[in-house]
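Chemist: Generate coordinates for the sequence data below:
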Amino acid sequence: MTWSRGIAVVAAVVACFGLADSGYLTIKHLQGSYIRCGGDCSAVLGSRYAEGVAGVPLAGFGAMAYLTVIVAAVFAAAGSILGRQILAVMATTMALVSLWLLYLQASVIHSFCKYCLASAAASFALAGLVLLERLLRRASNPEQ
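Modeler: Numbering: from 1, shown residues only. You can find the predicted model right below:
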């Protein structure tokens with residue numbers, strides 16, 4: 001297995017963790033169930049920022065993004081350039097959105113949600129993997 005393929009496989013595994021996390025939050029939100037995670041977490045998940053758009057909670061968009069990353073990573077592991085490009089765009093976008101959501105938690109809501117922090121960590125890990133893959137690719141082929 002090449003390092004590029006290995007990184008794509010690790011990205012798929014990390015995205016599976018993110019999908020489980022955001023999928024759980026989405027299901028609980030749509031069921032109207034209370035998530036037992038402490039007062040800070042409830043403040044975040046009960047805020048208007050968690051509501052999302054058109055009946056789809058914010059966590060639902062996260063779940064869709066993680067699913068897209070899983071599919072792109074599988075294709076990238078199989079050697080698809082398009083899969084690698086989609087993985088890079090999605091991971092970068094997700095990390096930037098996570099930065100915005102961390103700002104909201106810190107500066108607007110004044111509370112942190114451990115599930116949201118786990119998702120942010122997964123997004124940052126994905127962006128780091130994409131960056132690592134790009135650096136290794138450039139180091140092995142400086143003309144690219």
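
Chemist: can you list contacts of the lowest-mean-pLDDT helix or strand in the chain?
Modeler: Least confident helix or strand, the chain: helix 39-45 with a mean of 78, by mean pLDDT, DSSP states H and E. By CB atoms under 8 Å, 6 or more residues apart in numbering, the surrounding residues in contact with helix 39-45 are 25, 29, 34-35, 37, 50, 105, 109-116. For glycine as for every other residue, the C-beta is placed from the backbone atoms N, C-alpha and C.

Chemist: Quick check on those: which are buried?
Modeler: The neighbour-count test (16 or more other CB atoms under 10 Å) applied to the contacts of helix 39-45 identifies 25, 29, 50, 105, 109, 111-113, 115-116 as buried.

Chemist: so how far is residue 73 from residue 80?
Modeler: Residue 80 is 10 Å from residue 73, where distance means CB to CB, to the nearest Å.

Chemist: neighbour-wise, which of the two wins?
Modeler: Neighbour tally, residue 80 and residue 73, criterion other CB atoms under 10 Å: the higher count belongs to residue 73, 29 against 15.

Chemist: For the chain, give me the ranges with low pLDDT.
Modeler: For the chain, residues meeting the criterion pLDDT under 70 lie at 1, 3, 39, 142-144.

Chemist: Now for the residue most central in space within the chain, which secondary structure element holds it?
Modeler: Centroid-nearest residue in the chain: residue 123, 3.7 Å away (criterion: CA atoms, centre = their mean). Using DSSP states H and E, the element containing residue 123 is helix 114-140.

Chemist: repeat for residue 59
Modeler: Under the criterion of DSSP H and E, residue 59 resides in helix 58-77.

Chemist: Helix, strand or coil: sort out residue 11 for me.
Modeler: helix (DSSP: H, G, I helix; E, B strand; the rest coil).

Chemist: my read: it touches residue 127, true?
Modeler: No. The criterion here is CB atoms under 8 Å, and residue 11 misses it with residue 127 at 9.9 Å.

Chemist: excluding its backbone neighbours, what's nearest residue 38?
Modeler: residue 114 (7.6 Å; CB to CB, 6 or more residues apart in numbering).

Chemist: residues in contact with that neighbour?
Modeler: Contact analysis of residue 114 by CB under 8 Å, 6+ apart lists 37-38, 41.
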